[in-house]
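Colleague: have a look; sequence and predicted model below, questions after that.
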Amino acid sequence: MKKDTELDAKTLLDLAIYAFLRLDGAWFIETAAKFGVEAATELDIKAWESFSERLGRKIANTLNLQGNFHDEFLNVMKIQNTVMNMKTEIIPVNENQFLFRTLDCEVWKMVSKKWTPETAPCYKVTQASIQGLLRGAFPGLKIEIVQKKMIPKGDPYCEVEITNKGNN
């Protein structure tokens, strides 16, 4: 049997990601049970946007972002995808626009036990999370996010269009 001090960094990261996502799911389920799904969703959106903005700032500081939006966006999103255990692809449309596809979503796997495809507000949380992340990583830029496809609605993946609209 391995002791915790013998675990490699990847195993520890995997455990941390698992714990982080399960904590979020447990928090949401308990909040919804006590205050209702609508209130839990509203709080979840605010919490994710706030958390993601802080994460975006931390990523920007850690990477010492210096490049243009196009190049640095890809780095920021790859880190966020690792933390969220998301299987994704990012398709550049032009210098200021990307399609961000979630091919396999751990969050939907968890919340689909409570939500139906018609009531799933996870796309609102996703949009708030991306908005916060990019606001933290790229302060001063106006970012527009438009939902294009959703796994809960039967699409093969979730897709958002992310556009840098320039400075605020």
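Modeller: Arrived safely.
Colleague: low-confidence ranges in this structure?
Modeller: Judged by pLDDT under 70, the chain has its weakly predicted residues at 1-5, 67, 114, 119.
Colleague: quick one: the strands in it?
Modeller: With strands called from DSSP state E, the chain shows them at 87-94, 97-104, 141-149, 158-167.
Colleague: same list (those strands) but as TSV, adding distance to Cys122 and mean neighbour count.
Modeller: The way it works is simple: take the backbone N, C-alpha and C, and place the C-beta from them, glycine included. Below are the strands of the chain laid out as TSV (distance: least, CB to CB, whole Å; neighbours: other CB atoms under 10 Å):
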stretch	distance to Cys122	mean neighbour count
strand 87-94	15	12
strand 97-104	10	18
strand 141-149	11	14
strand 158-167	8	16
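Colleague: reformat these as TSV; add distance to Phe28.
Modeller: Compiled in TSV, the strands of the chain are given as follows (distance: least, CB to CB, whole Å):
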stretch	distance to Phe28
strand 87-94	21
strand 97-104	18
strand 141-149	20
strand 158-167	18
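Colleague: ok, the closest residue to Ala39 other than its chain neighbours - how many residues close by?
Modeller: Using CB to CB, 6 or more residues apart in numbering and skipping the chain neighbours, the partner closest in space to Ala39 is Thr31 (7.2 Å). Residues near Thr31, counting by other CB atoms under 10 Å, number 18.
Colleague: which residues does Thr31 contact?
Modeller: By CB atoms under 8 Å, 6 or more residues apart in numbering, the contact list for Thr31 reads Ala39, Ala40, Leu43, Asp44.
Colleague: ok now do the third one, which residues does it touch?
Modeller: Applying CB under 8 Å, 6+ apart to Leu43 gives the contacts Thr31, Phe35.
Colleague: now it: how far from Val93?
Modeller: As defined by CB to CB, to the nearest Å, Leu43 lies at a distance of 33 Å from Val93.
Colleague: many thanks, have a good one.
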